[in-house]
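A.B. asks: make a model of this:
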Amino acid sequence: MNTPKRPDPSLPAKASPPKDQGGMALLAAMITVMVVAMLASSALWIQSSHFEIESALRQRQQAQWLLTGALDWSRVILREDARSSSTDTLVEPWAVPLQEAKLSSFLRAQPNASGSTLSENAQDESLADQVYLSGQITDLQSKLNVYNLLLAANSSGNLGPVNASTVSLSNNGNNGNNNGNSPQGAMLSWIRLFDVLHLPSGELEALNAQLKTLAKSTLSGLPNTMPGSGSNSANSLTPQRFEQLSWLGLSESTIRRLQPHATWLPFATAVNLNTASAEVLYASLPGLDLSDAQRLVRARENKPWQNMDQFKSILSAQNKSLALNEANYQLSSRFFEVRGQLRMGNTTITEKSVLLRDNANVQIIWRDKGAALRMNSPSTL
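C.D. replies: Predicted coordinates for the structure are as follows:
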């Protein structure tokens, strides 16, 4: 029978492994798993961020294309209006604001390129139901143009004191120079507008002083320039948008109050009597008081004026005999502002454009998408 061998006492005993070696292996494994998890989550987060950025960019590009289509639609409306009517009034289709509505409500009944309708494609209809469009077309010649005041400042001195006596004189129609396009007439129109809106007259005087300085450096005595004349009177010193009149001394609050009744177009413009507000009629027509202007607005709501004789007959019925320079007043318009807003998911884009209509030809002067502004030179229009 074999007996187990006893260890030789002369040989050294085998060393036993350290007790904490198993704990270190477990810790190393946990660290490895944690690092792998962190790398995986970081890669997933980066991928998710890239996906969200690409989705937002794609949505924004789609929204911009849709707004471009809406702008083209506005141009078609204005072109067709020019073909059907020689006057522009607030009862025409272009003047009706588009309240926010689903894009699918416009496209559901329209056939696509394959001949099927949008309602036949549930996926496309679902996407269109998530897009909301709103917008409005505004007649810019329903407002007083600050550029007219710039032209007046180029050919005359400062406004002088802006006070109640000056406004009272223009109300009585006793100033023969207050015919709208004359320097004194343009200035008095703005005096009256500031007065009826209760705006600080000091800002108007500061604006006129700045315009006089600007006129010397930009206009250099040039005549009124219009699109297609080949002369570009605007340069980098001249405001391109009404909001930029803060450069010339108007406060933000004054600009907000003026915006419904004033604009900036780098061309001399006449006032459209069919679309002007009561405040603009009061300011631009010497001899009228505000109540007279409000009665004119109410009268045209029922029957817009088709010619200047009809307008003069309304004035005669109100016992108002005014010496009008018909070159300064119109019953139609060439310049329009188009505001559009498109909401698609988390993306909302607002765009503002100014259009010039020459008969049936409707051109884009500039488009403003947020902070981006692209202005076409008047010489190219």
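A.B. asks: quick one: mean pLDDT over stretch 98-107.
C.D. replies: With pLDDT averaged residue by residue, stretch 98-107 scores 79.
A.B. asks: pLDDT weak spots in the chain?
C.D. replies: Residues of the chain meeting the criterion pLDDT under 70: 1-22, 106-129, 155-183, 218-237, 370-381.
A.B. asks: against which helices or strands is the top helix by length along it packed?
C.D. replies: Ranked by residue count, the top helix of the chain under DSSP state H comes out as helix 21-84. Judged by 3 or more C-beta pairs under 8 Å, 6 or more residues apart in numbering; DSSP states H and E, helix 21-84 is in contact with strand 131-139, strand 335-344, strand 347-358, strand 361-369. No exception for glycine: its C-beta is placed from N, CA and C like everyone else's.
A.B. asks: the second one versus strand 361-369: what angle between them?
C.D. replies: What it means is strand 335-344. Relative orientation of strand 335-344 versus strand 361-369 (axes from the mean of the first three to the mean of the last three C-alpha atoms, to 10 degrees): 50 degrees.
A.B. asks: what residues does strand 335-344 touch?
C.D. replies: Contact partners of strand 335-344, identified using C-beta atoms under 8 Å, 6 or more residues apart in numbering, comprise 59, 62-63, 66-67, 70-71, 74, 78, 94, 100, 130-141, 263, 265, 267, 269, 348-357, 365.
A.B. asks: can you tell me the helix or strand for residue 301?
C.D. replies: For residue 301, the host element (DSSP states H and E) is helix 290-302.
A.B. asks: and that helix, what's buried?
C.D. replies: Across helix 290-302, burial judged by 16 or more other C-beta atoms under 10 Å covers 290, 292, 293, 294, 295, 296, 299, 300.
A.B. asks: what's near enough to touch the residue nearest to the fourth one when sequence neighbours are not counted?
C.D. replies: Nearest non-adjacent residue to residue 294, counting by C-beta to C-beta, 6 or more residues apart in numbering: residue 278, 4.6 Å away. Applying C-beta under 8 Å, 6+ apart, we find residue 278 in contact with 290, 293, 294, 296, 297.
A.B. asks: now distance to residue 273 too, for those residues, in TSV please.
C.D. replies: Output for these, formatted as TSV (distance: C-beta to C-beta, whole Å):
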residue	distance to residue 273
290	16
293	10
294	14
296	8
297	10
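A.B. asks: chain neighbours aside, what residue packs nearest to residue 194?
C.D. replies: residue 204 (5.0 Å).
A.B. asks: number of residues surrounding the one you found?
C.D. replies: Neighbouring residues of residue 204 were enumerated by other C-beta atoms under 10 Å; the total is 22.
A.B. asks: among the contacts of strand 335-344, name the buried ones.
C.D. replies: Among the contacts of strand 335-344, those buried by neighbour count (16+ other C-beta under 10 Å) are 59, 62-63, 66-67, 70-71, 74, 78, 94, 131-141, 263, 265, 267, 269, 349, 351-357, 365.
A.B. asks: ok so, going back, pipe the buried residues of helix 290-302 into TSV and attach distance to residue 194 per row.
C.D. replies: Putting the buried residues of helix 290-302 into TSV (distance: C-beta to C-beta, whole Å) gives the following:
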residue	distance to residue 194
290	14
292	19
293	16
294	19
295	23
296	21
299	26
300	25
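A.B. asks: and those residues, which two are the farthest apart?
C.D. replies: Taking C-beta to C-beta as the measure, these span a maximum distance of 16.0 Å, between 290 and 300.
A.B. asks: how about residue 270: what's its closest non-neighbour residue?
C.D. replies: Spatially, and ignoring its direct neighbours in sequence, residue 270 is nearest to residue 330 (4.6 Å; C-beta to C-beta, 6+ apart).
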